[in-house]
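Engineer: Mind folding the following:
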Amino acid sequence: MDRSTRDTLVSIFVGGGVGAGLYWIAGYESLALVTGLCWACGLKLTLHVGHRYPAFATGESWTDKRWTGLSVGAVTGAALVGVSPLLPLSNDLRFGLGALVLGAGLVAYPAGSLAVLERVDGATDSASMNSGTPSPSDTE
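Structural biologist: Numbers count the residues shown, from 1 in each chain. Below you'll find the model as predicted:
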């Protein structure tokens with residue numbers, strides 16, 4: 001089984017598990033469906049970035065890690081504090097909304113990373129096409 005197929009199956013399995021578990025806990029079909037899709041897409045995108053751009057999967061310096069920290073901190077804060085016990089929501093709905101916010105954050109960070117990486121990769125490909133030299137992606 002190739003890596004892309006395995007990553008897709010793992011993502012579907014995890015997203016389905018999150019959605020099914022959330023439906024079992026909270027009982028809201030639409031919330032469970034969207035949350036499961038967010039988690040499946042976020043995991044698939046994260047695995048894609050890790051395999052296609054391994055140098056960008058994690059940063060080594062503070063300049064790289066500060067943006068990851070900001071993203072993780074903001075999303076976690078929104079899920080835990082934004083959907084707080086002070087809101088007039090049941091505990092199961094509060095848990096479901098927190099899982100949805102975390103899943104949306106799981107999609108947002110790698111999607112933003114891919115938008116930049118593919119734009120930079122595309123600019124490199126365009127420049128190499130104009131210069132007549134093959135780009136690294138042409139030799140793969």
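Engineer: Does anything pack onto the longest helix anywhere in the chain? Which helices or strands?
Structural biologist: Determined from DSSP state H, the single longest helix within the chain is helix 91-131. If you count contacts as 3 or more C-beta pairs under 8 Å, 6 or more residues apart in numbering; DSSP states H and E, helix 91-131 packs onto helix 3-26, helix 29-52, helix 62-77. C-betas here are computed from N, CA, C, even on glycine.
Engineer: can you tell me the average pLDDT over it?
Structural biologist: Averaging pLDDT along helix 91-131 yields 78.
Engineer: burial of the residue lying closest to residue 92 once chain neighbours are set aside, as a residue count?
Structural biologist: In this structure, residue 92 finds its nearest non-sequential neighbour in residue 26, 4.2 Å apart by C-beta to C-beta, 6 or more residues apart in numbering. When neighbours are defined as other C-beta atoms under 10 Å, residue 26 has 20 of them.
Engineer: Show me how far stretch 67-84 is from its chain's centre.
Structural biologist: 14 Å (C-alpha atoms, centre = their mean, to the nearest Å).
Engineer: buried set for it?
Structural biologist: Within stretch 67-84, the residues scored as buried using 16 or more other C-beta atoms under 10 Å are 75, 78-79, 83.
Engineer: One more: stretch 25-44?
Structural biologist: So for stretch 25-44, counting by 16+ other C-beta under 10 Å, buried means 26, 28, 31-32, 34-44.
Engineer: before we move on, the earlier item: which single one of the buried residues of stretch 67-84 is nearest to residue 112?
Structural biologist: residue 75 (12.2 Å; C-beta to C-beta).
Engineer: mind checking how far the closest one is from residue 53?
Structural biologist: Going from residue 75 to residue 53 by C-beta to C-beta, to the nearest Å gives 21 Å.
Engineer: how far away is the residue nearest to residue 92 from residue 72?
Structural biologist: Separation of residue 26 from residue 72 (C-beta to C-beta): 24 Å.
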